[in-house]
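Participant: sharing a model prediction with you, sequence too.
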Amino acid sequence: MKSFLVHYVRPLWLTILIGLILSIIGTLLSVAQPLVIRNLINSLSKEYSSSLLLNVVLLISIPILATVISYVQTFFLSGVGQKITQKLRGDLFNRMLGLHTEYLDKTPPGKMYQSIQDSIIVGEGYIDRELVPAILSFFTLLFIFASMFWMDISLSLVIMACGLITVLLTALTGARVKSVEKKYVDIRSESAGYLQESLENIRTIRLFGGGDKEFKVWKDWLALDRLYWMKRRLIGDFNEKGILILFQSLCLSIVIIYGYIKIRHGVLNIGSIVAFLAYVPMVFQSVSSLQRVQLGTKRVKVVLDPIYSIFNNPAENSGTLKPSLEQKEMGIRFDHVDFNYPNRSEGLTNVNFSLAPGSTTLIVGPSGVGKSTIIDLITGLYDPLKGKVEIAGCATVEWNKKLLRQAIGIVPQNVVIWNRTLRENLLYGLSSAEQITDERINEIIHKTHLDSLVKKLPKGLDEKLGPNAIQASGGERQRIALARALLRSPSILIFDEVTSALDPILTEEIIELIWIQEITSTKLIVSHRLTFASRVDQILVVNPDGTVTAGRHTDLKNNHNLYRKLVMADQFGGSRA
Ligand SMILES: Nc1ncnc2c1ncn2[C@@H]1O[C@H](COP(=O)(O)OP(=O)(O)OP(=O)(O)O)[C@@H](O)[C@H]1O
């Protein structure tokens, strides 16, 4: 945690230093006030003197000066935590964007969202409201004890002992705080994950009549949240306030009784007792602030655990190789590739094939054998466990991943349409988006049969598509994804079940598009439909044992049992091929 704080605090050292110096001056002034009161009380019984007047002036001016300094100091210090929070939230989001696909696969987005939200606790909650006041309290205690020891050593020692016992007792109960806090943070991030998934799928919940069940699950989460919130509150309050109030009252009584005895013996004056009585609440206020930071440190460590895990989890591997993207066609080669997803024993085994630049390839096979996995390897979302995947002659592990993906246009199985304008959706991720003319966009819109959607939208290309692209049908979404891929003029164009949401007529038209386009890209089509199998340059059949057989339609139909069965089963392909 120390190195973490240093990393975020170091750039702000000057602001912090000025703020701290001002705060220390302010603290000194507040601590000096009881001494002024002491002098004033002691001089009341004597003749009028200039020192009486001086003390009256000091008594009035010190609080005014302390207030002014406190305002200026707030200007410097209060923004520190906020700045740290902003930086941390930015870094976290950036880190999440670059995390390894494996981590993203197993972490619910709601949980990651909660980590970004929790980072507010670190900066604004902990640093602003706990750490900075605690540092000031430390100085306050130093000054108070210096002036108390100057007035009377034994009474100071008594107050010190009360303070120490308070700190000790709170430290003992503090251990429980951390375990309750951990449970509370877990509950909040798990429930955030649950909530995010439910809200994203409200339509499904409604269609399956799962509303009552989901409401009950959410109420259970809320009950658990409340239970731990109460535990956290009760333990925290006892730790923070209960012990403190008890020992402060005890300490005040001791000062009065012990002070009375000392006055009777003539070893202490009444002014000093008044000063001591003024110092006791200040001592306990400072102790309370130190306790709060001790508790806060425990809490913040718990909050930081998932944040560290995000920073410590490996980022996506990215090589340094930046092949030229000038060449518009890129060959693809799988060379003795083995791959299985984490915690899976089955996967692709010894896969070998080559796709010539500009060629068109169809990937077929039963459901779940690994067709999309081949795409995951080509796009570099995963790296092969053995062998290599080469694009344009360079292994994907060596490619700079950003650059690799710039060369690829993909129409994925699960299309994501953002709640942004149609134009933004079409140009999504394009580094040269501003150079794409409306003419070019309209050309692609026409080719992908999106004209009718554009006409329907009140603001056309500049209409927002709504949450979950509510303004677009399933087929329209697929065509938006297709247009988005085409607008990239990619070197490799991948269609993963591109026609699954299209009607047969549109399917035919879109498939034709793959050929009539001026697209010279290397094309890969994952499809259960074999309508166009005889037209492609090569077919890759992914077999149930994870191997891949490459060949042409006629050869495979004659020699490959599984392929023949697939052809027969495909109602359109079976009749045409
Ligand atoms: N990220 C992942 N983590 C773990 N397992 C995965 C992951 N993605 C896919 N799988 C599993 O790997 C296997 C192959 O999946 P893949 O999506 O490549 O199949 P597919 O041939 O494209 O299937 P379909 O035709 O049904 O789309 C499946 O058993 C799937 O459950």
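Facilitator: Happy to help now that I have it. Residues are numbered from 1 along each chain as shown.

Participant: going forward, measure contacts between C-alpha atoms and count neighbours the same way
Facilitator: Noted.

Participant: tell me where the model's unsure across the stretch 151-300 of the chain.
Facilitator: 174, 240 (pLDDT under 70).

Participant: not counting its neighbours along the chain, what's nearest the residue of the stretch 451-577 of the chain found nearest the ligand?
Facilitator: Using Cα to the nearest ligand atom, the single residue of the stretch 451-577 of the chain nearest to the ligand is H528, 7.2 Å away. Once flanking residues are discounted, H528 sits nearest to V364: 6.2 Å by Cα to Cα, 6 or more residues apart in numbering.

Participant: quick one: that neighbour and V542 touch, right?
Facilitator: Yes: taking contacts as Cα atoms under 8 Å, V364 lies within contact range of V542: 6.2 Å.

Participant: show me what from the stretch 351-500 of the chain comes close to the ligand.
Facilitator: The stretch 351-500 of the chain has residues S367, G368, V369, G370, K371, S372, T373 near the ligand, with proximity defined as Cα under 6 Å from any ligand atom.

Participant: any of those residues buried? List them.
Facilitator: For these, a burial check counting by 16 or more other Cα atoms under 10 Å picks out V369, G370, K371, S372, T373.

Participant: so which elements touch the helix or strand I24 falls within?
Facilitator: If you go by DSSP states H and E, I24 is part of helix 13-44. Secondary-structure packing of helix 13-44 (3 or more Cα pairs under 8 Å, 6 or more residues apart in numbering; DSSP states H and E): helix 50-98, helix 132-151, helix 270-312.

Participant: pop out the phi and psi values for the residue nearest to H528.
Facilitator: The phi/psi pair for V364 (degrees, to the nearest 10) reads phi -130, psi 170.

Participant: state the distance from it to S527.
Facilitator: As defined by Cα to Cα, to the nearest Å, V364 lies at a distance of 6 Å from S527.

Participant: more neighbours: these two, which one.
Facilitator: The neighbour comparison of V364 against S527 (other Cα atoms under 10 Å) goes to V364, with 24 against 20.

Participant: any stretches of the protein with poor pLDDT?
Facilitator: Across the chain, the ranges flagged by pLDDT under 70 are 1-2, 48, 174, 240, 321, 323-329, 433, 499-502, 516-519, 571-577.

Participant: for the spatially most central residue of it, give its distance to the ligand.
Facilitator: Central residue of the chain (Cα atoms, centre = their mean): I116, 3.9 Å from the mean position. Taking Cα to the nearest ligand atom, to the nearest Å as the measure, I116 falls 24 Å from the ligand.

Participant: contacting residues for that residue?
Facilitator: R89, L92, F93 (Cα atoms under 8 Å, 6 or more residues apart in numbering).

Participant: among those residues, which one has the most neighbours?
Facilitator: Top of those by neighbour count (other Cα under 10 Å): L92, with 21 neighbours.

Participant: ok, and the closest non-adjacent residue to that one?
Facilitator: Closest to L92 by Cα to Cα, 6+ apart is I116, at 6.7 Å.

Participant: again, but for T74
Facilitator: What sits nearest to T74 in space, not counting adjacent residues and going by Cα to Cα, 6+ apart, is G19, at 7.4 Å.

Participant: my read is that that neighbour contacts S70, right?
Facilitator: No: counting by Cα under 8 Å, G19 does not reach S70; the two are 9.4 Å apart.

Participant: who's more crowded, the two?
Facilitator: Counted by other Cα under 10 Å, G19 and S70 do not tie: G19 has more neighbours, with 22 against 18.
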